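[1] A structural model of the following input is requested.
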Amino acid sequence: MLKEISEFVTEYDKNRQNIENLIHVKDSFDVMEKELIVGERKAAYYFIDGFCKDDVMEKVMEFLYKITAEEMPDSAEEFIKKHMPYGEISLIRSRKDFLQLYMSGIPVLLVDGYSALIATDFREYPARSVSEPEKDKVMRGSRDGFVETLVYNTALIRRRIRNPKLVMKIFSVGKSSRTDVVISYISDRIDEKILKQVEKRINAINVDSLTMNQESFVECFYPHRWYNPYPKFKFSERPDATAACILEGNIAILVDNAPSAIIVPTSIFDIVEDADDYYFPPVTGTYLRLSRFLINIAALLLSPTFLLLINNPGYIPDWLAFIMIEDAVNIPVIVQLLLLEFAIDGMRLASLNTPNMLSTPLSVVAGIVLGDFTVSSGWFNSEVMLYMAFVAVANYTQVNFELGYALKFMRIITLIATQLFGIFGYIAGIILAIAGLVFNKTFSGKSYLYPLIPFNARYILRRFFRVSLPGSEKQ
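    Residues are numbered from 1 along each chain as shown. Alright, predicted model coming up:
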């Protein structure tokens, strides 16, 4: 039936029947059909309950009822010019366009005698406030964040970039979901090759729906080697950080129903950047950035290094003798470290599902049980608990979840290799972690470690130190 309805005709009853077959008006309670008379002609408004502004709908209906038969033009084009004063108005001539616009929440008007439908865009999506993201917080700076409504997110970016060359190009992805996807860039700063590659990949996505929104899109957009855990994209829930990336010549990809932007192309240095680096003076910003680098490296190497020294006391110099475990070791240190690695994730998952009213008392109980009873009972040694506590806190110094878990996986591999092969396994684990960075590629095919590899002295200073460079857009 759908293939037979490619274009609309001038016959009202036939068009109405075709529309009812398309959207199943009688089967769904929220699919609304409002019949009315416009200029002594039969007409019908089709809209989805909850997606349109009731007050605007009332005003438009009142205006339509006042149109007389003498004022009715012969074509839908003339009708729009004379009698549709509000909002974004467009004509629909095909089934495909009707489904795309109507299922997006746009009310559609059918009038007898017109071979085109009239789309009147005064929709309003349910949305939460643009409050600061829970994960991507800053000590100073803007307190707004992306939400699940796409048009709000594009507005937050345009509010910061008042440049007529800022482009917001929209795509529809998914046969059933028809999810809106927007790419945002500045036309005179973007690399045209990368832009064409992005558009080509989006147009080539052939899926039924983006079930998990942004993650589903990423997996279809850029399939990559699953065994390399380092993130391929930068995700940002902050419109200020996203606007800064766009001004630098990057592309921001916004997916409807996802409260964050995907930034491409992205290197490891882009991923570890934080908005606080730029909301403070250069000296403070440099300190914060270098601290985050060093803490992430320490989180990767601390527990494997501790395990190596505990298994090989001869490697410990006299001034580090205090790190030796003095109490009895009832469970092998490697088992303690691995159990705590999984326990940390278990506590994180539990905190996500804990009601807010219970989170504080349960956190206190968990802290007492893990911090005191597990040590006194002999399951864990206090030194192991101390180092793993540092690792757990260090994971929160950067906002990218994928990078945090990538470092975790590399740390576990290094721990196991160190236990099995000693110092050779320790070195092999470090080489594997570095190799994952070196052989990873950005979306554009460049090195994941640029500007370190290939080396660019001008930009390497900018990546490690918060300084002002001539010609740089972000300072």
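[2] which outside residues touch the helix or strand Phe424 falls within?
    Counting by DSSP states H and E, the element that carries Phe424 is helix 423-438. For helix 423-438, contacts defined as Cβ atoms under 8 Å, 6 or more residues apart in numbering pick out 228-230, 268, 300-301, 304-305, 308, 312, 315, 406-407, 410, 413-419, 421, 447-449, 453. (C-beta placed from N, C-alpha, C; glycine too.)
[3] which of these count as buried?
    228-230, 268, 300-301, 304-305, 308, 406-407, 410, 413-419, 447-449 (16 or more other Cβ atoms under 10 Å).
[4] mind listing which of those residues are in helices?
    Mapping these onto helices (DSSP state H) picks out 268, 300-301, 304-305, 308, 406-407, 410, 413-419.
[5] from these, pick the one nearest Ser351.
    Leu407 (20.1 Å; Cβ to Cβ).
[6] verify the stated contact: that closest one with Asn296.
    Yes. The pair Leu407 / Asn296 is scored as a contact, 6.4 Å apart, by Cβ atoms under 8 Å.
[7] can you tell me the average pLDDT over the helix holding Phe424?
    Summarised as a single mean, pLDDT over helix 423-438 is 95.
[8] stretch 159-179 now?
    For stretch 159-179, mean pLDDT rounds to 93.
[9] how about residues contacting that stretch?
    99-100, 103-104, 154, 157-158, 180-189, 199, 202-203, 205, 207-211, 213, 217, 220, 239-240, 243, 246-247, 255-257.
[10] buried subset of these?
    Looks like the contacts of stretch 159-179 have 100, 103-104, 154, 157, 180-186, 202, 205, 207, 210, 213, 217, 220, 239-240, 243, 246-247, 255-257 buried, using 16+ other Cβ under 10 Å.
[11] point out the least confident one among the ones in helices among the buried ones among the contacts of helix 423-438.
    The member of those with the lowest pLDDT is Ile268, at 89.
[12] tell me the contacts of that one?
    Ile268 makes contact with Tyr230, Leu437, Asn440, Tyr448, Leu449, according to Cβ under 8 Å, 6+ apart.
[13] at 7 Å instead, please
    Leu437, Tyr448, Leu449 (Cβ atoms under 7 Å, 6 or more residues apart in numbering).
[14] for Pro126, see how far away the second one is.
    Translated: Tyr448. 39 Å (Cβ to Cβ, to the nearest Å).
[15] follow-up on the earlier one: out of the ones in helices among the buried ones among the contacts of helix 423-438, which comes closest to Arg463?
    Ile268 (9.4 Å).
[16] re earlier: report the buried residues of the helix or strand following the helix holding Phe424.
    Next helix or strand after helix 423-438 toward the C-terminus (DSSP H and E): helix 457-464. Across helix 457-464, burial judged by 16+ other Cβ under 10 Å covers Arg462, Arg463.
[17] same thing with stretch 123-143?
    Neighbour counts over stretch 123-143 (16+ other Cβ under 10 Å) mark Arg123, Tyr125, Val130, Pro133, Asp136, Lys137, Val138, Gly141, Ser142 as buried.
[18] quick one: contacts for Val391?
    For Val391, the contacting residues are Ala299, Leu302, Ser303, by Cβ under 7 Å, 6+ apart.
[19] out of the buried ones among the contacts of stretch 159-179, list just those in helices.
    Gln100, Met103, Thr154, Ile157, Ile202, Phe217, Cys220, Pro239, Asp240, Ala243, Ile246, Leu247.
[20] send the alpha carbons of the helix holding Phe424 over as CSV?
    Coordinates of each C-alpha in helix 423-438 appear next as CSV, following Å, rounded to 0.1, in the frame of the first residue of the first chain:
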residue,chain,number,x,y,z
ILE,A,423,59.6,-7.4,35.2
PHE,A,424,59.3,-8.6,31.5
GLY,A,425,55.5,-8.8,31.9
TYR,A,426,55.5,-5.3,33.5
ILE,A,427,57.5,-3.9,30.6
ALA,A,428,55.3,-5.7,28.1
GLY,A,429,52.1,-4.3,29.6
ILE,A,430,53.5,-0.8,29.4
ILE,A,431,54.5,-1.3,25.8
LEU,A,432,51.1,-2.7,25.0
ALA,A,433,49.4,0.4,26.5
ILE,A,434,51.7,2.7,24.4
ALA,A,435,51.2,0.6,21.3
GLY,A,436,47.4,1.0,21.7
LEU,A,437,47.9,4.8,21.5
VAL,A,438,50.5,4.7,18.7
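[21] please consider this matter closed, and thank you.
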